[in-house]
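1. sequence? don't have it. structure:
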């Protein structure tokens, strides 16, 4: 089994790039620097280097505390959970608050079928005049 690449986390001391763009924990750019200098800076401040963007030249790394890394992981997990997965459908149903009993029963059966098929269901109720 090949190792899966972590979505976000501390990279520690294994940095494959020689020149890095470093951002400090306050979000200020420290500019481009050599890998050894970045590791020295990391050790001096007791922080961890985290890869933010590797598809740019030079790759962008940020110095973060363990708490900042944890909070960022939680934010990304929440965002991933909120976005719909590919192949997943969102079904939307709108009806009036003055809906007849039979119509309401029919629509609830339809909603139950969609939920069984693992679709996300959004129900909107309009206020009757």
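-> Thanks, I have it. Just so we're clear, the structure is a prediction, and the values are computed from it rather than from any experiment.
2. Is the residue nearest the centre of the chain inside a helix or a strand, and which specific one?
-> Nearest to the geometric centre of the chain sits residue 76, at 2.7 Å (CA atoms, centre = their mean). Per DSSP states H and E, residue 76 falls inside helix 66-82.
3. tell me which residues of that helix are tucked away?
-> Residues 69, 72 are the ones in helix 66-82 that count as buried (16 or more other CB atoms under 10 Å). Bear in mind the C-beta positions are built from the backbone N, C-alpha and C, glycine included.
4. what are the pairing partners of the helix or strand that comes right after it, and which direction each?
-> For helix 66-82, the succeeding helix or strand toward the C-terminus, using DSSP H and E, is strand 90-96. Here strand 90-96 has these sheet partners by DSSP bridges: strand 120-126 (parallel).
5. Sort out which residues of the partner strand are buried, please.
-> Across strand 120-126, burial judged by 16+ other CB under 10 Å covers no residue at all.
6. Now do the domain split for this structure, please.
-> 19-82, 90-126 (the TED database).
7. and among those, the most buried is which?
-> Ranked by mean neighbour count, those are led by domain 19-82 with a mean of 14 (mean count of other CB atoms under 10 Å).
8. pLDDT of it, averaged?
-> For domain 19-82, the mean pLDDT works out to 85.
9. Correct me if wrong, but residue 32 is in a strand.
-> Yes: per DSSP: H, G, I helix; E, B strand; the rest coil, residue 32 lies within a strand segment.
10. quick one: it and residue 18 touch, right?
-> No: if you go by CB atoms under 8 Å, residue 32 and residue 18 don't touch, sitting 10.4 Å apart.
11. Any idea which of the domains of the chain gets closest to residue 13?
-> Nearest to residue 13 among the domains of the chain is domain 19-82; the distance by CB to CB comes to 6.3 Å.
12. how long is that closest one from one end to the other?
-> Terminal residues of domain 19-82 lie 36 Å apart, using CA to CA, to the nearest Å.
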